[in-house]
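Visitor: Need coordinates for the following:
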Amino acid sequence: MRAASGRPDQDERDRSELYAMRPTPILPPLIAPKRRRRRRSWLLSLLGFGFASAVVLFVAASGVAGFLIWKSSRDLPGYESLANYEPP
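Guide: Predicted coordinates for the structure are as follows:
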């Protein structure tokens with residue numbers, strides 16, 4: 001209560017200082033609600049699997065083809081001897 005002089009009395013001043021000194025509470029961050037994941041369609045999954053399989057098969061076939069060309073070209077003559085070749 002206020003005193004007759006218009007100034008706040010001692011108890012009111014102590015309480016106002018008490019509330020003024022109180023720090024604001026630290027609250028945990030707000031967590032957004034989890035969104036439901038949409039299921040991928042089976043057609044999209046099948047297309048992805050097919051594309052990945054095609055890439056793997058292409059790399060494997062390229063490696064096999066490169067190995068066969070390298071293996072068979074070892075027995076061929078060099079280009080110097082072919083440049084000097086004269087038919088009989």
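Visitor: low-confidence ranges in the protein?
Guide: 1-22 (pLDDT under 70).
Visitor: Need the three-state assignment for the residue most central in space within it.
Guide: Central residue of the chain (CA atoms, centre = their mean): R37, 16.5 Å from the mean position. Here R37 is coil, with the state taken from DSSP: H, G, I helix; E, B strand; the rest coil.
Visitor: which residues touch it?
Guide: R37 makes no contacts at all, as judged by CB atoms under 8 Å, 6 or more residues apart in numbering. Where C-beta positions appear, they are placed from N, C-alpha and C, glycine not excepted.
Visitor: Ramachandran coordinates for it?
Guide: phi -80, psi 140 (degrees, to the nearest 10).
Visitor: Could you measure from it over to A52?
Guide: To A52, R37 is 21 Å away according to CB to CB, to the nearest Å.
Visitor: F58 belongs to a strand?
Guide: No. Under three-state DSSP, F58 falls outside any strand and is assigned helix.
Visitor: Tell me how far it lies from P33.
Guide: From F58 to P33 the distance is 44 Å (CB to CB).
Visitor: Next, count neighbours for S45.
Guide: Number of residues near S45 (other CB atoms under 10 Å) recorded here: 11.
Visitor: Please state the offset of the helix or strand in which it is found from the chain centre?
Guide: If you go by DSSP states H and E, S45 is part of helix 42-73. Distance of helix 42-73 from the chain centroid (CA atoms, centre = their mean, to the nearest Å) equals 26 Å.
Visitor: cool, and stretch 81-88?
Guide: Going by CA atoms, centre = their mean, where stretch 81-88 is centred and where its chain is centred differ by 60 Å.
Visitor: again, but for stretch 76-88
Guide: For stretch 76-88, the distance to the chain centre is 57 Å (CA atoms, centre = their mean).
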